[in-house]
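> For reference, the sequence and a predicted model appear below.
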Amino acid sequence: MNQATRPGLYLWILKQNSSAQSFHQAMGGAIVEKAAMSNTGGVPGRLVGVPTKLRCAWRDEAAVSDVART
């Protein structure tokens, strides 16, 4: 099994949330994956299609804290 040499970090963002995408990309994150939401909750009749989520990742978690401190 391979292990990372540095601790990375990722989070999922709803594709419709363009403000969150912009914020996390400004913090150095990169969109690296797109997937359908598995359990959306809410009222199924109000959904149009299947919501999509994006994985925003950072190679090194220290880079995020460095940007947040400036």
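That came in fine, so what should we check first?
> what about the residue in the chain sticking out farthest from the centre, which SS state?
Distance from the C-alpha centroid of the chain peaks at residue 45, with 26.0 Å (C-alpha atoms, centre = their mean). Classification of residue 45 by DSSP: H, G, I helix; E, B strand; the rest coil places it in helix.
> contact partners of stretch 37-47?
14, 50, 51, 52, 53 (C-beta atoms under 8 Å, 6 or more residues apart in numbering). From N, CA and C alone the C-beta is placed, and that goes for glycine too.
> what is the rounded mean pLDDT of it?
Here stretch 37-47 scores 73 as its mean pLDDT.
> that older thread, want to throw the contacts of stretch 37-47 into TSV with distance to residue 32 and pLDDT?
Output for the contacts of stretch 37-47, formatted as TSV (distance: C-beta to C-beta, whole Å; pLDDT from 0 to 100):
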residue	distance to residue 32	pLDDT
14	16	91
50	20	77
51	18	84
52	14	91
53	12	94
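> What ranges does the chain have for its helices?
18-26, 61-69 (DSSP state H).
> distance of residue 29 from residue 39?
Distance, residue 29 to residue 39, using C-beta to C-beta, to the nearest Å: 24 Å.
> Between the two, which has more neighbouring residues?
residue 29 (23 against 5; other C-beta atoms under 10 Å).
> In this structure that one contacts residue 59, no?
No - in this structure residue 29 lies outside contact range of residue 59 using C-beta atoms under 8 Å: 9.9 Å.
> intersection of neighbour lists for those two?
Here residue 29 and residue 59 share no contacting residue, scored by C-beta under 8 Å, 6+ apart.
> which ones are touching residue 13?
Contacts of residue 13 (C-beta under 8 Å, 6+ apart): 20, 21, 24, 53, 54, 55, 56.
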